[in-house]
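**Student:** When you get a sec, could you give me coordinates for this:
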Amino acid sequence: MHMIKSPAHNARTLLINAVRFPETLPQLTLTDWDLLLRIARSKRLLGRLHADLSRLELLESIPTAAAAQLQAAHNLVRHRHTVLTWELDRILWALNEIKVPIIALKGTAYIIAKLPNSAGRFFADLDILVPISRIAEVEQKLTKRGWLKTQLSPYDDRYYRLWMHEIPPLRHRERESEIDIHHALLPRTSRYGTKLDTMMLFSESYSIKNSQVRVLGAQDMVLHALVHLLLEGDPNEGLRLRDLIDVADLLCHFGSTPKFWKGLVLRAQQFQLERILYYGLRYSQRLLAVQIPNSVLQSLTQSAPKLPIRWLMDWLMPLALLPEHPDYPQRIAVFARWLLYLRAHWLRMPFLLLVRHLTYKSWLRMRGTQRHVEIKPQDLQQL
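**Tutor:** As a prediction, this is how the structure comes out:
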């Protein structure tokens with residue numbers, strides 16, 4: 001007797017197979033294409049499908065209407081890449097006089113380093129990393145050159161500057177492009193990465209030809225992608241499948257070098273990110289079938305959570321990462337996204353600070369007004 005698969009299972013299988021085996025896409029029926037386009041759009045993966053089919057020279061083998069939608073997504077991605085690289089060029093121009101070392105992060109780094117996961121990938125904002133000792137100087141220089149500070153409540157501004165790993169976003173007054181300026185990869189209050197010294201990231205970074213900008217070393221780039229995936233959940237979207245695909249692409253690209261895997265484990269241990277790496281490798285392998293050396297998996301065995309937690313994460317992660325059927329939303333998936341969002345906050349700051357933060361934010365929402373919160377000199381001495 002054949003078991004009837006649920007609509008959610010069919011939607012997840014359809015999208016994962018499209019990502020893993022793009023050569024099979026010409027075999028889909030029109031009904032399959034209709035569903036695939038809807039769920040790929042919701043996960044911002046239309047550009048990825050176009051890139052894979054273009055690489056395989058199969059765009060002419062799929063329905064014309066589907067090809068048109070993929071082409072539109074490709075055009076949008078190309079435009080976004082142009083916007084980000086131009087904004088980076090303008091930032092380098094604005095900061096040229098002060099000679100500050102700059103590392104491009106996430107999407108911008110993938111683009112300028114020409115990494116495989118940049119193909120067809122839509123990136124929203126531009127992220128850079130600078131030494132914390134230069135952060136005030138960088139912000140001041142950019143605000144003089146046309147970037148405006150985001151209008152935040154005094155509390156939120158203080159939250160960024162005292163607890164987070166970045167200052168409030170800046171937006172250009174004409175182009176309206178938003179940039180995030182980081183001084184670390186993790187919030188100061190995070191339970192993870194307490195030994196993650198930003199200057200160690202600079203020592204392993206490498207420069208891009210004909211540019212003063214740098215990108216993270218291979219191991220650091222993977223670990224940052226995992227931090228972004230697992231510790232920055234969204235209560236509505238949940239964990240982002242496209243971020244896990246970034247991780248999988250980076251592992252496949254860098255993993256062809258034998259020294260990479262040993263260095264990845266050592267770097268995770270150095271930064272106290274072994275649990276993050278354990279989860280990243282586990283779900284890259286389980287959901288996207290990434291080939292990971294057994295020796296690497298064995299070396300992370302001690303970093304695994306206790307069995308009940310592992311079972312819980314194995315249940316939550318697919319629900320939060322993989323798509324739902326757009327016509328049959330699941331309350332259990334909403335619950336999974338909410339739980340992982342709470343987990344991300346739990347790991348970002350100590351319990352008492354988290355309670356204080358959420359309580360104050362709730363009070364502000366109910367009161368409907370902003371209260372001035374002063375950043376005291378003793379606060380700044382903690383930076």
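**Student:** ok, now which ones touch I332?
**Tutor:** Going by C-beta atoms under 8 Å, 6 or more residues apart in numbering, I332 touches L319. For glycine as for every other residue, the C-beta is placed from the backbone atoms N, C-alpha and C.
**Student:** Show me what the lengthiest helix in the chain is packed against.
**Tutor:** Taking DSSP state H as the criterion, the chain has its longest helix at helix 64-95. Secondary-structure packing of helix 64-95 (3 or more C-beta pairs under 8 Å, 6 or more residues apart in numbering; DSSP states H and E): helix 30-42, helix 46-55, strand 102-105, helix 106-112, strand 126-129, helix 135-144.
**Student:** Which positions in it come out as buried?
**Tutor:** Within helix 64-95, the residues that count as buried by 16 or more other C-beta atoms under 10 Å are 66-67, 69-70, 73-74, 77, 80-81, 84, 87-88, 90-92, 94-95.
**Student:** same check, this time on stretch 163-180
**Tutor:** Applying 16+ other C-beta under 10 Å to stretch 163-180 flags 163-172, 177-180 as buried.
**Student:** And stretch 34-51, by the same measure?
**Tutor:** Buried residues in stretch 34-51, counted by 16+ other C-beta under 10 Å: 35-37, 39-40, 42-51.
**Student:** Now the most centrally placed residue in the chain. Nearest residue, chain neighbours left out?
**Tutor:** In the chain, the centroid-proximal residue (C-alpha atoms, centre = their mean) is H228; its distance is 4.1 Å. Once flanking residues are discounted, H228 sits nearest to D243: 6.0 Å by C-beta to C-beta, 6 or more residues apart in numbering.
**Student:** what about that neighbour, neighbour count?
**Tutor:** When neighbours are counted by other C-beta atoms under 10 Å, D243 registers 18.
**Student:** what about it, helix or strand, and which?
**Tutor:** Take DSSP states H and E as the rule and D243 turns out to sit in helix 241-254.
**Student:** tell me the mean pLDDT for the next helix or strand after that helix?
**Tutor:** Beyond helix 241-254 on the C-terminal side, the first helix or strand identified by DSSP H and E is helix 258-270. Helix 258-270 shows a mean pLDDT of 94.
**Student:** so what secondary structure elements neighbour helix 258-270?
**Tutor:** Helix 258-270 packs on helix 218-230, helix 274-288, helix 294-299, going by 3+ C-beta pairs under 8 Å, 6+ apart.
**Student:** Between those, which one is closest to Q151.
**Tutor:** With C-beta to C-beta, the closest approach to Q151 among the helices and strands packed on helix 258-270 belongs to helix 218-230: 25.3 Å.
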